[in-house]
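Colleague: sequence first, predicted coordinates after that:
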Amino acid sequence: MAGASQIDLPYCVGTYTVGTSWLNGSYTNNDYVTHVILNGASGTAINTTVGAKNNNTGLPSNLACLVSNGGPGCDFTSHPPDYEYWPSVPGRTVVLTQGLGYSVNVRAGTWNSNNNIAVFIDFNRDGDFLDLGEKLGQVTLPGLGNANIAFTVPAAGYTGVTRMRVREVYASSNVTPCTQFTYGEIEDFSIVISPSCPATYKLWLGNTDDWNNPGNWCGGVPTIGDDAQISRVQVFPPTGTPTRPYFKPTIKSNISATANILTISNLDSLIINAPNPSANALRLAQDLVNNGRISVVSSFTTNLTYSNGTLANNIYTPFKAQSTDARSQIIYSAAELTLNSLIGGDRINGIEFSLWSKGSSASFGNFTVSYALVPFTQHASNVPYAGALTTVYGPTALTTNLGVNTLNLTTPIVWDGSSNLLIQYCFDNASNIGSNDDRIYITQTTGIKSTLILSTTTNAGSGCSLVPGAGVTDNFFSGLNSFRPNFTFLIDRPYTKAIFALQRDWINNGFFDAGYSQVLMDGTVAQNITGTQPTTFNELNMSKGAVNQTVTMQRSITIDSSLILTQGSMLMNAFTLTMNNPSVNTGNLVAPADRLQERQLDF
């Protein structure tokens with residue numbers, strides 16, 4: 001499934017009675033893993049001496065190593081859990097090739113002696129480190145001492161994503177992966193075991209879906225001089241039936257995928273899912289040979305509900321029919337939005353809510369929805385955010401209904417991919433419009449003051465300008481500020497055109513779902529459009545290096561949108577070119593009369 005990630009196994013996490021904390025929780029001269037360095041294949045490496053430090057949450061605030069105290073960050077976690085599982089990002093993951101030898105360098109913490117560090121790899125990915133050969137070795141070090149542990153990856157067996165564990169234990173001659181000890185720390189890493197690679201081309205392994213991840217290619221990510229093959233039969237011989245999770249290669253935003261000749265097998269697919277593609281989502285020095293499927297994703301819509309609790313309370317509703325005016329500000333953190341797979345540029349076009357009890361008997365006057373992208377994740381007090389807000393709905397008279405209600409925004413809410421989102425709902429009536437409020441289910445955002453609701457019954461000015469004061473009530477009394485009304489966002493994602501640039505032949509023996517794309521043929525040698533299967537392009541652009549250079553059709557083709565002939569000649573070669581949308585307002589034919597030669601052009 002595109003965009004999915006591999007579900008990990010439930011590895012044990014060994015515990016400690018004191019761990020990294022040392023005497024009385026001082027965290028001085030303590031036991032931990034200072035660094036891990038392991039250089040792997042294709043330029044990949046684990047090196048914890050650079051980049052992000054360990055998770056320092058829970059450490060005493062007086063430690064000099066903390067960033068808040070001017071330090072670089074501490075090289076250890078708090079007790080408990082005395083454990084760090086590093087994310088699979090550059091510098092914290094590595095590719096190891098079957099049959100080859102490597103050396104991992106480990107460094108101890110500041111305790112002065114008898115620091116024992118062992119390294120384990122789950123080579124057969126059975127969820128433990130107990131099989132023969134999975135303990136790579138163990139060293140005993142002085143304070144801040146380091147040493148290498150050499151090992152060889154088994155020449156056969158499992159290939160794919162697995163786990164490496166580095167464990168430090170004080171005064172143990174036999175460090176085990178899961179047993180409880182007194183002092184020490186564990187650091188885990190996600191690594192990739194790669195098969196021995198073909199000598200003449202790069203082979204897609206499909207450990208995740210990311211084209212640009214070196215762990216997904218046998219031999220590393222292809223460059224413009226490398227032939228590349230997407231062929232699961234070669235990864236799982238002889239039938240191509242996966243024995244582990246296998247993901248389709250996906251070219252994502254801001255990635256320029258390259259190769260010399262790219263070949264896609266009949267069992268495989270290439271996906272381009274790049275809302276913000278690079279100038280060329282895919283550039284090939286020679287041919288594209290498609291025996292399977294190429295799919296360009298050009299649209300995305302989803303409904304996201306925040307959240308699904310079933311608590312109910314009159315306090316937590318923007319639709320306070322018992323009040324003359326109300327102002328509600330609700331915050332959604334960037335982490336929440338990202339967790340639900342939103343990216344920068346995504347648009348909220350509508351907001352749904354469900355009333356389980358309707359108390360209003362008339363409309364909410366001057367009802368308005370507006371938003372702001374803010375740096376804070378919660379309200380600091382009962383004073384509402386006073387910065388600039390963008391209005392996306394209203395002001396209008398809003399009549400609610402029992403059950404589901406939808407606000408179709410007149411202007412979308414556009415998320416930038418990093419800020420927290422504040423949405424404001426407000427209305428202004430001359431008098432109350434019900435003896436009970438319109439009630440909406442709520443969910444507790446434990447520990448996060450996500451919701452601020454102010455209201456009044458005295459018609460004290462505009463509801464959108466309410467601030468704490470005489471006659472104005474709010475939900476911050478008694479700490480009742482972490483309950484958030486349930487809303488559903490109706491979301492879409494705009495896409496920019498994805499461009500395939502080829503300098504030799506387009507060979508389609510499979511399926512091409514063109515989406516919103518352009519195939520650019522810009523080589524300086526003769527090029528062909530060929531293959532056993534017809535191709536329907538969205539846009540086809542011929543921009544040869546010179547006027548006398550050609551692109552030759554070896555079979556009939558269809559173009560849904562635009563044919564752009566910039567330079568060179570297109571030889572139709574007795575085949576048919578069909579334009580589905582030739583009119584000026586729905587498509588463009590940019591074709592100097594002397595550059596289409598031979599046979600037939602259909603409109």
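Modeller: Nice, I can see it. Residues are numbered from 1 along each chain as shown.

Colleague: so Thr451 makes contact with Leu480?
Modeller: No: contact criterion Cβ atoms under 8 Å: Thr451 and Leu480 do not qualify, at 9.0 Å. For the C-beta atoms, the positions are set from N, CA and C on the backbone; glycine is no exception.

Colleague: which one of the two is surrounded by more residues?
Modeller: More crowded of Thr451 and Leu480, by other Cβ atoms under 10 Å: Thr451, with 24 against 15.

Colleague: excluding its backbone neighbours, what's nearest that one?
Modeller: The shortest distance from Thr451 to any non-neighbouring residue, by Cβ to Cβ, 6 or more residues apart in numbering, is to Arg484 (4.8 Å).

Colleague: correct me if wrong, but Ala64 is in a helix.
Modeller: No: according to DSSP: H, G, I helix; E, B strand; the rest coil, Ala64 belongs to no helix; its state is coil.

Colleague: doesn't Gly71 make contact with it?
Modeller: Yes: between Ala64 and Gly71 a contact is recorded at 5.4 Å, counting by Cβ under 8 Å.

Colleague: comparing the two, which shows the higher neighbour count?
Modeller: Between Ala64 and Gly71, counted using other Cβ under 10 Å, the more crowded position is Gly71 (13 against 9).

Colleague: in space, what's closest to that one - neighbours in sequence excluded?
Modeller: Closest residue in space to Gly71, ignoring its immediate chain neighbours: Cys65 at 4.1 Å, by Cβ to Cβ, 6+ apart.

Colleague: list the residues that contact the one you found.
Modeller: Cys65 is in contact with Gly71, Pro72, Gly73, Cys74, Asp75, counting by Cβ atoms under 8 Å, 6 or more residues apart in numbering.

Colleague: buried stuff in stretch 77-92?
Modeller: Within stretch 77-92, the residues that count as buried by 16 or more other Cβ atoms under 10 Å are Thr77, Ser78, His79, Pro81, Asp82, Tyr83, Glu84, Tyr85, Trp86, Ser88, Gly91, Arg92.

Colleague: turn those into a markdown table, columns for pLDDT and secondary structure.
Modeller: Output for the buried residues of stretch 77-92, formatted as a markdown table (pLDDT from 0 to 100; DSSP: H, G, I helix; E, B strand; the rest coil):
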| residue | pLDDT | secondary structure |
| --- | --- | --- |
| Thr77 | 96 | coil |
| Ser78 | 96 | coil |
| His79 | 96 | coil |
| Pro81 | 96 | coil |
| Asp82 | 97 | coil |
| Tyr83 | 97 | strand |
| Glu84 | 97 | strand |
| Tyr85 | 97 | strand |
| Trp86 | 96 | coil |
| Ser88 | 92 | coil |
| Gly91 | 94 | strand |
| Arg92 | 96 | strand |
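
Colleague: so which of those residues is the closest to Ala228?
Modeller: Nearest to Ala228 among the buried residues of stretch 77-92 is Ser88, at 22.1 Å by Cβ to Cβ.

Colleague: what's the longest helix in this protein?
Modeller: Ranked by number of residues, the top helix in the chain under DSSP state H is helix 334-339.

Colleague: show me what that helix is packed up against.
Modeller: Here helix 334-339 touches strand 420-428, going by 3 or more Cβ pairs under 8 Å, 6 or more residues apart in numbering; DSSP states H and E.

Colleague: could I get the strand it packs on in PDB with only the CA atoms?
Modeller: What follows is strand 420-428, C-alpha atoms only, in PDB (Å, rounded to 0.1, in the frame of the first residue of the first chain):
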ATOM      1  CA  ASN A 420      -0.300  24.400  14.800                       C
ATOM      2  CA  LEU A 421      -3.800  25.200  13.600                       C
ATOM      3  CA  LEU A 422      -6.200  27.500  15.600                       C
ATOM      4  CA  ILE A 423      -9.800  27.600  14.400                       C
ATOM      5  CA  GLN A 424     -12.200  30.200  15.700                       C
ATOM      6  CA  TYR A 425     -16.000  29.900  15.700                       C
ATOM      7  CA  CYS A 426     -18.100  32.900  16.800                       C
ATOM      8  CA  PHE A 427     -21.600  34.400  16.500                       C
ATOM      9  CA  ASP A 428     -23.500  37.500  17.600                       C
END
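
Colleague: partners of whichever helix or strand comes after that strand in the sheet?
Modeller: The helix or strand immediately downstream of strand 420-428 is strand 439-440, counting by DSSP states H and E. The pairing partners recorded for strand 439-440 under DSSP bridges are strand 347-357 (antiparallel).

Colleague: residues of the strand it pairs with that come out buried?
Modeller: Along strand 347-357, these residues count as buried under the neighbour rule (16+ other Cβ under 10 Å): Arg347, Ile348, Asn349, Gly350, Ile351, Glu352, Phe353, Ser354, Leu355.

Colleague: in CSV, list those along with pLDDT and distance to Gly447.
Modeller: Output for the buried residues of strand 347-357, formatted as CSV (pLDDT from 0 to 100; distance: Cβ to Cβ, whole Å):
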residue, pLDDT, distance to Gly447
Arg347, 97, 30
Ile348, 98, 25
Asn349, 98, 31
Gly350, 98, 30
Ile351, 98, 25
Glu352, 97, 27
Phe353, 96, 24
Ser354, 95, 26
Leu355, 95, 28
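
Colleague: so where is this structure shaky, pLDDT-wise?
Modeller: 1-7, 478-479, 582-603 (pLDDT under 70).

Colleague: longest strand of the protein?
Modeller: In terms of residue count, the longest strand belonging to the chain (DSSP state E) is strand 181-194.

Colleague: next SSE downstream of it?
Modeller: Along the chain past strand 181-194, the next helix or strand (assigned with DSSP H and E) turns out to be strand 202-204.

Colleague: thought Leu96 was touching Pro195?
Modeller: No: contact between Leu96 and Pro195 fails when scored by Cβ under 8 Å: they sit 10.8 Å apart.

Colleague: which of the two has more neighbours?
Modeller: More crowded of Leu96 and Pro195, by other Cβ under 10 Å: Leu96, with 25 against 18.

Colleague: now that one, which residues is it bridged with?
Modeller: Ile193.

Colleague: distance check, it against Ile193.
Modeller: 6 Å (Cβ to Cβ, to the nearest Å).

Colleague: now the common contact residues for those two.
Modeller: With Cβ under 8 Å, 6+ apart as the test, Leu96 and Ile193 both reach Val153.

Colleague: please identify the buried residues of the longest helix of the chain?
Modeller: Those buried within helix 334-339 under the rule 16+ other Cβ under 10 Å are Ala334, Glu336, Leu337.

Colleague: quick one: the second one from Gly344, how far?
Modeller: Distance of Glu336 to Gly344, computed by Cβ to Cβ: 15 Å.

Colleague: got it, and the first one?
Modeller: Counting by Cβ to Cβ, the separation of Ala334 from Gly344 is 10 Å.

Colleague: can you pull the residues that touch both of those two?
Modeller: Gly417, Ser418.

Colleague: and Ser42, what does it touch?
Modeller: By Cβ under 8 Å, 6+ apart, the contact list for Ser42 reads Val95, Pro214, Trp217, Gly219, Gly220, Val221.
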